[in-house]
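Trainee: Sequence plus the predicted model coming up.
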Amino acid sequence: MGFRGLRSPLRKRGSGIGLGHGLWELGSCDDYDAKVRPAPLAALAVVCALLGSTTALAIAKSTGWFGDGHTDTIVLTQAAPSPAANRVVQGGTAKPLAGNDFDPAAIYRARATGVVTIVALFGSQTQNGSGNAAQGSGFVVSKRGYILTNSHVITTAGEDVPGETPEAAGSVFVEFRDGDRVPARIIGWDVYDDVGLLKVAPKEHQLSPVPLGDSSTVVVGEPVAAIGSPFGEQNSLSVGVVAATERSIDSLTSTYDLVDAIQTDAPINRGNSGGPMFDARGRVIGINAQIRSESGNAEGVGFAVPINSAKRSMEQLIENGRVRYAWLGVSTQSVTPILARHFDLAAEHGAAIQTVIDGGPAAEAGLRGGAREEDFRGIPFRGGGDLIVAIDGNRVSSAEDVVRAVTERLFPGQTTRLTVLRGNERLVISVVLGDRPANPPRSDR
């Protein structure tokens, strides 16, 4: 049974998104009572799973999210690589823990007061209790009251047709470790990276911000600690290791893949969604968001949104009230040496353009997609298109590298230079990037 993740027992409405991979399903860890998506959406999820590393590139709609227009001081212990995240002013009182040993008890003592339980009420729940309610987790990132969580904790993102504008909860409350519950305002959300931003009034409760780390430095095997409210059990601690990095997984909240997800074997369950994943020094490196499970409970395969992506979303929400992503307008497939030999490609690695969206930035720049699709060893591939091998001089080895460059480094309206191989000819093509549409247009070019 599919479920949206890590919210918890207050959840009354179904919010499951079946992302079937055989018997496996992805869920957000948030719902007790969850239902599988309607059949067409489940079918779409299966199709996405079958595409392997084929990656549709596009990026973000303007949904009219509103913030308060102020800048803020966020606790950053290391600079993130994205331009947006680097613009956040560093400061605050929380510091990395001393030493290099992994001490879960010390992490819990130092950080638990900065982790909160989030209760979101939908429909008429606030007035007469007949609507829907959801419970998840979050963490304080600023003395001014900003709190990070997942978008699916505070909106209907992931419950409706992908690409449709989600509805925000009618009321949101934040419960601190001491049991005090205060109202929170939704600043905005980013469905593409499943990030939500709340704000509480600092006068309502003493705030203990947690420091944000740098997810680009995370390595497989390093220990991690997750704190959240699984099944409504507030401030619960679980520990494990980073099982994998740079995972490209189906998104719970949009039609685009989530790239660079951190995989962990730390037990995370429904109610953990939106909670922090800490490294050994007590810095947040990810937001717990999904689990893959046969039973609907933790089975050692959990995923977190990398904190560098969340920083970028948070920065834009605070400054502009909405999040924008660049859009190239192509779908690509990762190239391996075997594929290169079979399709007579000029390089053994890169991102082969499969389709080009009519009227999109890539089409306007003259980039070319592949010809008729052929199945080679279970991999669908269109040969004959341009092969991207570098973006602005940075090497491209896979389809995910293209997504990474466009989503993490570039912005709508910017011009980027793509180095492509067209047969044996090497070209440098300039592309003016657009805004990512809510739903990726389809094209057979």
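Mentor: That came in fine, so what should we check first?

Trainee: D180 reaches H205, doesn't it?
Mentor: Yes: in this structure D180 lies within contact range of H205 using C-beta atoms under 8 Å: 5.5 Å. Any C-beta I mention is one placed from the backbone N, CA and C, and that applies to glycine too.

Trainee: Please identify which of those two sits among more neighbours.
Mentor: Per other C-beta atoms under 10 Å, whichever of D180 and H205 has more neighbours is H205, with 18 against 12.

Trainee: My read is that the more buried one contacts R177, right?
Mentor: No: using C-beta under 8 Å, H205 is not in contact with R177; the gap is 10.2 Å.

Trainee: Quick one: low-confidence residue ranges for the stretch 1-150 of the chain.
Mentor: Across the stretch 1-150 of the chain, the ranges flagged by pLDDT under 70 are 1-93, 124-131.

Trainee: please redo it, this time with the cut-off set to 90
Mentor: Of all residues in the stretch 1-150 of the chain, those with pLDDT under 90 make up the ranges 1-101, 122-134.

Trainee: Ok, the stretch 151-300 of the chain next?
Mentor: 157-166, 230-235, 247-260, 267-272, 289-300.

Trainee: Shouldn't K203 be within a helix?
Mentor: Yes: under DSSP: H, G, I helix; E, B strand; the rest coil, K203 sits within a helix.

Trainee: Tell me if I am right that A405 is in a helix.
Mentor: Yes: counting by three-state DSSP, A405 is found in a helix.

Trainee: That one: neighbour count?
Mentor: 22.

Trainee: mind listing what the residue nearest to it when sequence neighbours are not counted touches?
Mentor: Setting aside the residues directly before and after it, A405 is nearest to I391 in space (C-beta to C-beta, 6 or more residues apart in numbering), at 4.5 Å. Each residue near I391 by C-beta atoms under 8 Å, 6 or more residues apart in numbering is listed here: 401-402, 405-406, 416-419.

Trainee: With pLDDT, secondary structure and distance to I186 as new columns, can those residues be given to me in TSV?
Mentor: Rendered in TSV, the data for those read as follows (pLDDT from 0 to 100; DSSP: H, G, I helix; E, B strand; the rest coil; distance: C-beta to C-beta, whole Å):
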residue	pLDDT	secondary structure	distance to I186
D401	95	helix	34
V402	96	helix	32
A405	94	helix	30
V406	94	helix	27
T416	98	strand	33
R417	98	strand	38
L418	98	strand	37
T419	98	strand	42
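
Trainee: Out of those residues, the closest to L197 would be?
Mentor: For the contacts of I391, the residue nearest L197 by C-beta to C-beta is V406; the value is 22.6 Å.

Trainee: And that closest one, how close does it get to R312?
Mentor: Per C-beta to C-beta, to the nearest Å, V406 is found 13 Å from R312.

Trainee: Who has more neighbours out of those two?
Mentor: Neighbours were counted for V406 and for R312 using other C-beta under 10 Å; R312 has more, 28 against 25.

Trainee: Can I get the helix or strand hosting that one in PDB, CA atoms only?
Mentor: Element membership for R312 (DSSP states H and E) is helix 307-320. These are the backbone C-alpha positions of helix 307-320, laid out as PDB (Å, rounded to 0.1, in the frame of the first residue of the first chain):
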ATOM      1  CA  ILE A 307      19.800  20.300   2.700                       C
ATOM      2  CA  ASN A 308      21.600  22.300   0.000                       C
ATOM      3  CA  SER A 309      18.400  22.000  -2.100                       C
ATOM      4  CA  ALA A 310      16.300  23.000   0.800                       C
ATOM      5  CA  LYS A 311      18.500  26.000   1.400                       C
ATOM      6  CA  ARG A 312      18.000  27.200  -2.100                       C
ATOM      7  CA  SER A 313      14.200  26.800  -1.800                       C
ATOM      8  CA  MET A 314      14.100  28.500   1.600                       C
ATOM      9  CA  GLU A 315      16.200  31.400   0.300                       C
ATOM     10  CA  GLN A 316      13.800  32.100  -2.600                       C
ATOM     11  CA  LEU A 317      10.700  31.700  -0.400                       C
ATOM     12  CA  ILE A 318      12.000  34.200   2.100                       C
ATOM     13  CA  GLU A 319      13.200  36.700  -0.500                       C
ATOM     14  CA  ASN A 320      10.600  36.400  -3.300                       C
END
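
Trainee: Kind regards, and thank you for your time.
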